[in-house]
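S.K.: Predicted model follows, preceded by the sequence.
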Amino acid sequence: MYLHYSAISDVGRVRRENQDSGYAGPWLLTVCDGVGGAVRGDLASSTAVQALRKLDQEPDDDILGQVAGAVHRADDRIGELVEEDPDLNGTSTTATVALFDGTRFGIGHIGDSRAYLYRGGELRQLTHDHTFVQSLIDEGRITEEQSRTHPHRNLILKALDGIRHEEPDLFEVPAEPGDRVFVCSDGACGTLSPERMADILSTGTPDFAAVELVRASLEAGSTDNVTCIVADVSEEPPPDDLAPLLVGAAADLPRRMPLGGAVGGLFRGHRSGDTGEIAPIPADVPEGAFPADPIDPEAVRYAPRDPGRYGWLRRLLVAAVLLGITWVVLAAGWSWSQQQFYVAEQDGRVAIFRGIDADLPGLSLSHPYELTDVELTRLSDIDAETVREGIEADDLEEARMTVDNYAARQDVDSE
């Protein structure tokens, strides 16, 4: 059997850049979605797709072994990019892979992109999301419908980031003539209901269905990039002009091209800009004729880098800066406090204190500045209590005037 396929990726109505990447070929269907919020999600997804697309040839009997190996190589390549440029630390991507051998699909999956099978009028989700909301669904705490609006619906528990080396889900799906396989990013499956997807997949060619799925996702309010791949299993060979399709960020970044040739036309009869069509790589092209990755190695080599190997020095400098700022703030506060004065009691006499009439645990914010001859025992009970509680003054001169006032009262009381 053969695959008749189509693919399309749209940046959507909210995002400024497309972080989805997809590939559809005679043997391979794959969608990778750069994790939102992570640095250069477009680079992660396109790097993964460029590694995975090497699977697009007739598989051997160990179809799942080939899928697993390709996913691990994609993960390793992302890790190499992060090692070469620490500024990319944190980038990651989902990956959903369907490798076809003419009779079955070998599925590899990690993240929350999805693969579906439409057979006999029924739509079946093949993959299981590695997300926080999916864990809530599995525990029966929320429904599938509630997960579409859950505040943490974008929290992914597993992805390809080149660091954690997560194991993908691996399984086989037997193929039958008339099967329709749908692989998409969560910009589509996170918005459309299964009933709506099944309705669209029930009619038209793969080309029509892919475009309609993207359009319906955007009209339903999807705020993410949307990538859809639709493939029919048929006993009839596909048209000779059906070339492999590379879409999304992987199509926008530098990609492999046949020697002396140009990239094929834009997506047949529909959209431009977000979707590209590529011609197959000739078998006689010498090794190394094309760039192996979706970025210029020299650009990465000389790109500004985070001094990851000197992380301890960076932490030390940050600590020193914070310590310096703290010292400046404390010094400024201490200088201000030493310009404040108040009148209070010291050893039974009225005294002028310099500082703030308050204390911190283990630290006094004031000290006696002038001790006068005015004795509290020679003041009235009310005046003595007022002095014990402390009397604020705007400056030293006002504090001295307050003391003179109590000295006069002392003389009056003694008479």
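M.R.: Received, thanks.
S.K.: quick one: the helices in the protein?
M.R.: Taking DSSP state H as the criterion, the chain carries its helices at 41-52, 63-84, 132-138, 144-147, 186-189, 194-201, 206-219, 249-252, 297-301, 311-337, 381-389, 396-414.
S.K.: what's the third one in contact with?
M.R.: Contacts made with helix 132-138 from outside it, assessed by Cβ atoms under 8 Å, 6 or more residues apart in numbering, are listed as 112, 128, 142-144, 147, 150, 152-153, 155-157. Any C-beta I mention is one placed from the backbone N, CA and C, and that applies to glycine too.
S.K.: Poorly predicted segments of the protein, please.
M.R.: Applying pLDDT under 70 to the chain flags the ranges 36-39, 253-312, 362, 411-415.
S.K.: if we can go back for a sec, so can I have JSON lines of the helices of the chain showing distance to residue 3 and mean neighbour count?
M.R.: As requested, the helices of the chain are arranged in JSON lines below (distance: least, Cβ to Cβ, whole Å; neighbours: other Cβ atoms under 10 Å):
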{"stretch": "helix 41-52", "distance to residue 3": "16", "mean neighbour count": "29"}
{"stretch": "helix 63-84", "distance to residue 3": "14", "mean neighbour count": "19"}
{"stretch": "helix 132-138", "distance to residue 3": "28", "mean neighbour count": "16"}
{"stretch": "helix 144-147", "distance to residue 3": "29", "mean neighbour count": "13"}
{"stretch": "helix 186-189", "distance to residue 3": "20", "mean neighbour count": "28"}
{"stretch": "helix 194-201", "distance to residue 3": "15", "mean neighbour count": "17"}
{"stretch": "helix 206-219", "distance to residue 3": "9", "mean neighbour count": "22"}
{"stretch": "helix 249-252", "distance to residue 3": "19", "mean neighbour count": "28"}
{"stretch": "helix 297-301", "distance to residue 3": "33", "mean neighbour count": "11"}
{"stretch": "helix 311-337", "distance to residue 3": "48", "mean neighbour count": "10"}
{"stretch": "helix 381-389", "distance to residue 3": "89", "mean neighbour count": "14"}
{"stretch": "helix 396-414", "distance to residue 3": "91", "mean neighbour count": "15"}
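S.K.: on that earlier part again, make TSV out of the contacts of helix 132-138 and add distance to residue 373.
M.R.: As requested, the contacts of helix 132-138 are exported to TSV (distance: Cβ to Cβ, whole Å):
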residue	distance to residue 373
112	82
128	88
142	79
143	84
144	86
147	81
150	76
152	72
153	77
155	73
156	77
157	77
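S.K.: top of the residues you listed by neighbour count?
M.R.: In terms of neighbour count, residue 112 stands highest of these at 28 neighbours, by other Cβ atoms under 10 Å.
S.K.: Now do the closest residue to that one other than its chain neighbours: how many residues are near it, please.
M.R.: Using Cβ to Cβ, 6 or more residues apart in numbering and skipping residues adjacent in sequence, the residue nearest residue 112 is residue 129, 4.5 Å away. Residue 129 has 25 neighbours, counted by other Cβ under 10 Å.
S.K.: pretty sure residue 129 contacts residue 114?
M.R.: Yes. Counting by Cβ atoms under 8 Å, residue 129 touches residue 114, with 7.2 Å between them.
S.K.: list residues touching both of those two?
M.R.: Residues touching both residue 129 and residue 114 (Cβ under 8 Å, 6+ apart): there are none.
S.K.: Is it correct that residue 181 is in contact with residue 31?
M.R.: No. The criterion here is Cβ under 8 Å, and residue 181 misses it with residue 31 at 11.4 Å.
S.K.: who are the neighbours in contact with residue 226?
M.R.: So residue 226 contacts 9-10, 12, 20, 184-185, 187-188, 213-214, 217-218 (Cβ under 8 Å, 6+ apart).
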